[in-house]
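# 3D, please:
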Amino acid sequence: MPDLEAIGDAATGAVLAGAVERAGRKGDGHTHESACLNCGTQLSGEFCYVCGQRAHVHRSLSAFFHDLLHGVFHFEGKIWTTLPMLIWKPGQLTRGYIDGQRARYVSPIALFLFCVFLMFAVVSATGLGEIPEQVKADVATQVKDHEATLTRQQAERAQREKADRSTVGIDAEIAQTRRELDGLKRLQARGIEGSAVQVSDDMPGWFRSAVEHALKNPELVLYKLKSNAYKFSWALIPLSVPFVWLLFPFSRRFRLYDHTVFVTYSLCFMLLLLMVGTLLDFVAPSIASLLWFVPPIHMYRQLRGTYELSRWGAIWRATLLTLFAFVAAMLFLIVLVAMGLF
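Residues are numbered from 1 along each chain as shown. Predicted coordinates for the structure are as follows:
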């Protein structure tokens, strides 16, 4: 797998570079200033009491990679505190963060970005992001079909013009074919296919295009959803928050902020579960299918802990939220269509 080999090479290079840098440098790479390097305030501890920057910085290659790991993975332990809580006590995690317990946990948006990063790695490692040969063949075929259609339409337009007949209708068809052909070639150059055959002129353009793609090649639609959905997974946050609000309409105690934190942490868990299911599907498909029962249970536990609900209050809300999740997923697919992903 070239992606994993590249990661391994990068890690090996970092280790070797750190070893060379440690062997060749003089001193320990620490600075020993008496004033903050950021704002100039006189220092009286490990951190500047004005701007919060560390009193002493490390000017070494190993410190650079430590900062990288800390920025991506919260290397100093937050991630290892947050993940177990997200899995086993999601309600306590969400309520604690809302109530201001920020030092011990990774913020929901940072954790969400981390999960998206992991999903990208899983998609690359499992080959879901690679273009199947059949899809490439379909691309070439549909490009040729559109070119042939364009040639025929242009010939028909020349005949109408020669016969002094109106060309308004054929001009519109030519313009539409050219748009689709340009999109095909542009997407083909990026390794992503898009195609169309006319369905109904009464449909909105973007919706008609989506229907055409689905009817033309359903396998391609499924492939593109797998390979592109993770890139726009952030859209699930604003799509899902209104549904959680509906569980507590006009509540003065729970605000949109609470719902946003709840949704973001919940999506983090669902992304992690999806990644686990993707990996299990390669080795134990029967076990992977059982993971469908996990989301409602997790929603129940998170709802009950976050909003301090009774069992019955959490059960009926979790049932509704499970249905809402399917609605949000469908809206997410519509968003992908509207954005022209396929």
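# which residues in this protein form helices?
Here the chain has its helices, by DSSP state H, at 2-24, 61-73, 78-88, 90-98, 108-126, 133-162, 168-189, 205-216, 218-228, 236-247, 256-283, 285-289, 294-307, 311-338.
# could I get the average pLDDT for the shortest one?
Taken as a whole, helix 285-289 has an average pLDDT of 77.
# check the longest one too.
Averaged across helix 133-162, the pLDDT comes to 79.
# ok, the second one next?
Averaged across helix 61-73, the pLDDT comes to 63.
# okay, now the unreliable bits of the protein?
For the chain, the stretches flagged by pLDDT under 70 are 1-32, 57-76, 123-124, 126-140, 183-184, 186-230, 337-342.
# domain assignment for it?
Domain segmentation of the chain under automatic domain parsing yields 79-131+216-342, 133-191.
# looking at those domains, which is buried most?
Of the domains of the chain, the one with the most neighbours on average (mean count of other C-beta atoms under 10 Å) is domain 79-131+216-342, at a mean of 17. For the C-beta atoms, the positions are set from N, CA and C on the backbone; glycine is no exception.
# with distance to residue 42 added, can I get the domains of the chain in JSON lines?
Shown next, in JSON lines, are the domains of the chain (distance: least, C-beta to C-beta, whole Å):
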{"stretch": "domain 79-131+216-342", "distance to residue 42": "26"}
{"stretch": "domain 133-191", "distance to residue 42": "55"}
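# out of the ones you listed, the one nearest residue 50 is which?
Nearest to residue 50, of all these, is domain 79-131+216-342, at 20.0 Å by C-beta to C-beta.
# verify the contact between residue 295 and residue 326 for me.
No. Counting by C-beta atoms under 8 Å, residue 326 is not a contact partner of residue 295; they are 10.4 Å apart.
# picking that back up, right, so of the domains of the chain, which gets closest to residue 35?
domain 79-131+216-342 (26.9 Å).
# so who does residue 105 touch?
78, 81-82, 85, 93, 96-97 (C-beta atoms under 8 Å, 6 or more residues apart in numbering).
# next, count neighbours for residue 44.
10 (other C-beta atoms under 10 Å).
# so how far is residue 36 from it?
Residue 44 is 10 Å from residue 36, where distance means C-beta to C-beta, to the nearest Å.
# and for residue 168?
For residue 168, the distance to residue 36 equals 71 Å [C-beta to C-beta].
# can you check residue 336 too?
Applying C-beta to C-beta, the value for residue 336 to residue 36 is 47 Å.
# sorry, back to before: the contacts of residue 105 into JSON lines, with extra columns for distance to residue 287?
Shown next, in JSON lines, are those (distance: C-beta to C-beta, whole Å):
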{"residue": "78", "distance to residue 287": "30"}
{"residue": "81", "distance to residue 287": "28"}
{"residue": "82", "distance to residue 287": "26"}
{"residue": "85", "distance to residue 287": "24"}
{"residue": "93", "distance to residue 287": "26"}
{"residue": "96", "distance to residue 287": "32"}
{"residue": "97", "distance to residue 287": "32"}
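# taking these, tell me the two that lie furthest apart.
Greatest spacing in those, by C-beta to C-beta: 78 and 96 (12.8 Å).
# so what sits against both of these two?
Common contacts of residue 78 and residue 96, defined by C-beta under 8 Å, 6+ apart, comprise 104-105.
# how about the nearest residue to residue 319, chain neighbours excluded?
Nearest residue to residue 319 in three dimensions, chain neighbours excluded: residue 296, at 7.5 Å (C-beta to C-beta, 6 or more residues apart in numbering).
# verify the stated contact: that neighbour with residue 323.
No. The criterion here is C-beta under 8 Å, and residue 296 misses it with residue 323 at 10.1 Å.
# ok, residues contacting stretch 287-298?
Counting by C-beta under 8 Å, 6+ apart, 90, 266, 269-270, 273, 276-277, 280-281, 318-319, 322, 325 sit against stretch 287-298.
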